[in-house]
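Participant: the following comprises the amino acid sequence and a computationally predicted model.
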Amino acid sequence: MSGYVAIHKYNINDELVSFIITMTQLVGYIGALLLICRFLPMLRDQINNTRPVNMYFIIIEAGASICLGISAVLLHAYPFIIANAFSLLTTVFIICLHIYREYWGKREAATLNMEMSAIEMSEVEV
């Protein structure tokens with residue numbers, strides 16, 4: 001009988017199979033948590049400091065998250081769905097923060113320069 005499934009071939013009972021599946025899911029969720037934690041130092045750095053980040057890395061990370069996320073959805077692999085969704089959200093946040101700082105940083109600098117010029121001109125007049 002060539003139609004035997006490998007589990008039945010070795011006479012593994014259903015309790016052991018469900019235990020193995022549960023342990024596999026547990027390991028998957030632990031891995032997803034660790035993948036999520038890898039972004040926390042970078043997020044903290046980006047929020048607290050205005051130090052530039054390598055945007056090539058961030059864009060590649062976003063692309064990888066999208067591709068792996070689609071694959072995880074098709075495979076119903078929930079730990080990987082969670083990890084890739086968080087990875088994508090993090091990269092989108094960093095990109096938005098970068099764009100915000102580029103736009104508003106230049107705008108605030110121009111406003112500050114105008115205010116400083118106005119103060120200097122008022123001091124000269126006095």
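Facilitator: On my side now, so go ahead. Numbering: from 1, shown residues only.

Participant: now the residue nearest the centre of the chain: how far from Ser71?
Facilitator: For the chain, Ser87 is the residue whose C-alpha lies nearest the centre (CA atoms, centre = their mean; 2.2 Å). Ser87 is 13 Å from Ser71, where distance means CB to CB, to the nearest Å. All C-beta spots, glycine's among them, are computed from the backbone N, C-alpha and C.

Participant: which stretches in the chain count as helices?
Facilitator: For the chain, the helices defined by DSSP state H cover 6-9, 14-37, 40-48, 55-75, 78-125.

Participant: so where's the protein uncertain?
Facilitator: Applying pLDDT under 70 to the chain picks out residues 1-12, 50-51, 106-126.

Participant: rerun at 90
Facilitator: 1-29, 31-33, 35-55, 57-59, 61, 77-78, 80, 93-126 (pLDDT under 90).

Participant: what residues does stretch 68-79 touch?
Facilitator: Stretch 68-79 is contacted by residues 25, 28-29, 31-32, 80-81, 84-85, 88 when judged by CB atoms under 8 Å, 6 or more residues apart in numbering.

Participant: Ile47 and His98 touch, don't they?
Facilitator: No - with contacts counted by CB atoms under 8 Å, Ile47 stays clear of His98, the gap being 11.9 Å.

Participant: when these two are compared, which one has more neighbours?
Facilitator: Ranked by neighbour count (other CB atoms under 10 Å), Ile47 and His98 place His98 first, with 16 against 11.

Participant: pretty sure that one contacts Phe57?
Facilitator: No - counting by CB under 8 Å, His98 stays clear of Phe57, with 11.9 Å between them.

Participant: distance of the residue nearest to Tyr29 when sequence neighbours are not counted relative to Val27?
Facilitator: Closest residue in space to Tyr29, ignoring its immediate chain neighbours: Pro79 at 4.9 Å, by CB to CB, 6 or more residues apart in numbering. Pro79 sits 8 Å away from Val27, going by CB to CB.

Participant: among the contacts of stretch 68-79, name the buried ones.
Facilitator: The neighbour-count test (16 or more other CB atoms under 10 Å) marks 28, 32, 80-81, 84-85, 88 as buried among these.
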